[in-house]
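**Q** Got a predicted structure plus its sequence, pasted below:
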Amino acid sequence: MAKIQSLSEAVAENIKDGDTVAFEGFTHLIPHAAAHETLRQGRKDLTVIRMTPDIIYDQMIGMGAVKKLVFSFAGNPGVGLLRRMRDAVENQWPRALEIEEHSHAAMANAYEAGAAGLPCAIFRGYRGAELVRVNPNIKFVNCPFTGEELAAVPAHRPDVAVIHAQKATKKGDVLIEGITGVQKEAVLSAKRSIVTVEEIVDDFDDVHPNATVLPCWTVTSVAKVPGGSHPSYTQGYYARDNASYLEWDKISADREVFMEWMREHVMNETPEIFAKRVAHLKVQG
């Protein structure tokens, strides 16, 4: 059953050095606040998984918390490169970064396989793809019934999955609306999970119980963190902060500027400062 905790308690109890962690969110509901708390607590040697790594993984890589990235497509959405990721790959700064690149289809299937307790995902794909030459975790098998050649990749089974959502009940049932990506599958595939939410409510009012995306018994920890996905958006609560994504391209281009920004806006940020910073976010009607 889910525990209702503060974000600092949830991270302290669930994310350990050397863990494999999936901070998932697809376009919206990206768990920025949880990733920042992980950095503040000094977690290191993490393997991180994500379908679309964007600026939170750029920040974690730039701070030296990540040893390996398993991903499909990496970039600052709508802007360009992840400059801290590129610096780590090309120049080993602040440390060398191992990468395992997949297609979106492979990542989604790997999460579903992990959620089902399977050792691997089998699907149509990768035939003729050049990723096969650089990723030894892409294999091919023959269907025992038809003989068709199919792709196979290891299932994602992270130690911890971290997501953001709109609401949770006091029991820990989680409601997600809008673009959901693979958040549900990430949580179901993981040994432990942290869900940050905009609000905790008694119940979901007139929403049918079948709309509960993650029932309380599938979740380890729930933390109320209003604004927890900023600068990405939370449908029904606040819009995407496009200016922050544009600004990140300039901040991340220089190592010293990046480090100073991280010290001021992440490493030294208290819950009170965070609450003040996101207080301006306008609730959508």
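**A** The structure has been received and is ready for your questions. It should be emphasised that the depicted structure is a prediction, and the values quoted were computed from it without experimental measurement.
**Q** Who does residue 46 form a beta bridge with?
**A** residue 66 (DSSP bridges).
**Q** Tell me who's in contact with it.
**A** Contacts for residue 46 (Cβ atoms under 8 Å, 6 or more residues apart in numbering) come out as 15, 17, 18, 19, 20, 21, 38, 60, 65, 66, 67. Glycine gets a C-beta too; all of them are placed from N, C-alpha and C.
**Q** one more time with 7 Å, if that's ok
**A** 19, 21, 65, 66, 67 (Cβ atoms under 7 Å, 6 or more residues apart in numbering).
**Q** quick one: which of those has the most company?
**A** residue 21 (29 neighbours; other Cβ atoms under 10 Å).
**Q** from the contacts of residue 46, which is closest to residue 47?
**A** residue 67 (6.4 Å; Cβ to Cβ).
**Q** Just give the nearest non-adjacent residue to that closest one, would you?
**A** Sequence neighbours aside, residue 45 is the residue nearest to residue 67 in space, at 5.0 Å (criterion: Cβ to Cβ, 6 or more residues apart in numbering).
**Q** I'd assumed residue 24 was in contact with residue 182.
**A** Yes. Using Cβ atoms under 7 Å, residue 182 is in contact with residue 24, at 5.8 Å.
**Q** circling back to that earlier point, correct me if wrong: the residue nearest to residue 67 contacts residue 18.
**A** Yes. Between residue 45 and residue 18 there is a contact under Cβ under 7 Å: 4.7 Å.
**Q** More neighbours: the two, which one.
**A** residue 45 (14 against 11).
**Q** Can you point out the buried residues in the least confident helix or strand in the chain by mean pLDDT?
**A** One helix or strand of the chain scores below all others by mean pLDDT, DSSP states H and E: helix 271-278, with a mean of 84. Neighbour-count burial for helix 271-278 flags 274, 278 (criterion: 16 or more other Cβ atoms under 10 Å).
**Q** tell me the contacts of residue 186?
**A** Residues near residue 186 by Cβ under 7 Å, 6+ apart: 22, 24, 111, 161, 163.
**Q** please redo it, this time with the cut-off set to 6 Å
**A** 22, 24, 111, 161 (Cβ atoms under 6 Å, 6 or more residues apart in numbering).
**Q** try residue 215
**A** Contacts of residue 215 by Cβ under 6 Å, 6+ apart are residue 173.
**Q** Closest to residue 172 out of the contacts of residue 46?
**A** Set against residue 172, the nearest of the contacts of residue 46 by Cβ to Cβ is residue 21 (19.9 Å).
**Q** what helices or strands is the least confident helix or strand of the chain leaning on?
**A** Using 3 or more Cβ pairs under 6 Å, 6 or more residues apart in numbering; DSSP states H and E as the contact definition, helix 271-278 packs against no other helix or strand.
**Q** got the residue ranges for the helices in the protein?
**A** All helices of the chain, identified by DSSP state H, fall at 7-14, 32-40, 55-62, 83-91, 104-115, 131-134, 183-189, 242-251, 255-262, 271-278.
**Q** hey, least reliable of those by pLDDT?
**A** Set side by side, those give their lowest mean pLDDT on helix 271-278, at a mean of 84.
**Q** Centre of the chain to that helix, how far?
**A** Offset of helix 271-278 from its chain centre (Cα atoms, centre = their mean, to the nearest Å): 21 Å.
**Q** Contacts for that helix next, please.
**A** The contact list for helix 271-278 (Cβ under 6 Å, 6+ apart) reads 227, 230.
**Q** Leaving out chain neighbours, which residue sits closest to residue 237?
**A** residue 198 is the one closest to residue 237 (Cβ to Cβ, 6+ apart), at 5.2 Å.
**Q** go on, residue 140?
**A** Nearest non-adjacent residue to residue 140 (Cβ to Cβ, 6+ apart): residue 149, at 5.4 Å.
**Q** where does the one you found sit relative to residue 186, distance-wise?
**A** Separation of residue 149 from residue 186 (Cβ to Cβ, to the nearest Å): 28 Å.
**Q** Just send the contacts of residue 46 back as TSV, with distance to residue 131 too.
**A** Formatted as TSV, the contacts of residue 46 follow (distance: Cβ to Cβ, whole Å):
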residue	distance to residue 131
19	26
21	23
65	26
66	21
67	21
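**Q** which one of those sits closest to residue 50?
**A** Of these, the one sitting nearest to residue 50 (Cβ to Cβ) turns out to be residue 21, at 9.5 Å.
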